[in-house]
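Enquirer: Predicted model, plus sequence, below.
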Amino acid sequence: MSVLIEGLGDDRALRTLIAGKVTNTLARLHVNATSVRVQFSDENGPKNGLDTRCSLTVHVAHRPEIHADTVAADARLAFEQAFSALERQIERDKDRGRAVRRHPKKYYLAKRLLEPEATPEATPASTTARRRRRRSA
């Protein structure tokens, strides 16, 4: 996995903090990310105020990319807020995927058990084989 950090300048301490935190957290959450892009930009130039935007984009193989961004007073605070939003998105995506994977198996097995000639021994052990419908144009 590659971590690309753009727009930060020469702040090596923040670069190492970002790379370490991203790598460790994605490994802990078991995300198979191919690349992570962290972009910092100054929204309104030399003026003061909430003007540092941090955008995080995680590219995951065979999945849509996950994106989060926030605006804060400085780069570290913007990164922390964007990263916590990214963590919540990853957790929500994993929970959603887990719920979608569980339901068809449960209902498929219940339907088979409710058939009149069904016995628990006669039900198939694996419900992963599914028939594909041919799409018509």
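Expert: All right, it came through fine.
Enquirer: Show me what the lowest-mean-pLDDT helix or strand in the chain is packed up against.
Expert: With mean pLDDT, DSSP states H and E as the measure, the helix or strand of the chain carrying the lowest mean pLDDT is helix 75-114 (a mean of 82). Judged by 3 or more CB pairs under 8 Å, 6 or more residues apart in numbering; DSSP states H and E, the packing partners of helix 75-114 are helix 12-28, strand 33-42, strand 52-60, strand 66-72. Where you see a C-beta, it was placed from the backbone N, CA and C, and this is true even at glycine.
Enquirer: low-confidence ranges in the protein?
Expert: Within the chain, the ranges that satisfy pLDDT under 70 run 48-49, 100-107, 118-137.
Enquirer: re earlier: and the least confident helix or strand of the chain, what's buried?
Expert: For helix 75-114, a neighbour-count test (16 or more other CB atoms under 10 Å) marks 75, 76, 78, 79, 81, 82, 83, 85, 86, 87, 90 as buried.
Enquirer: where does the residue most central in space within the chain sit relative to residue 58, distance-wise?
Expert: Centre of the chain computed as the mean C-alpha position; nearest residue by CA atoms, centre = their mean is residue 90, 3.5 Å away. From residue 90 across to residue 58, the span is 8 Å (CB to CB, to the nearest Å).
Enquirer: What of residue 98?
Expert: 19 Å.
Enquirer: quick revisit: hey, what's in contact with both of residue 90 and residue 58?
Expert: Shared contacts of residue 90 and residue 58, defined by CB atoms under 8 Å, 6 or more residues apart in numbering, comprise 31, 66.
Enquirer: List the residues that contact the residue lying closest to residue 94 once chain neighbours are set aside.
Expert: Closest residue in space to residue 94, ignoring its immediate chain neighbours: residue 29 at 7.5 Å, by CB to CB, 6 or more residues apart in numbering. Residues near residue 29 by CB under 8 Å, 6+ apart: 87, 90, 91, 94.
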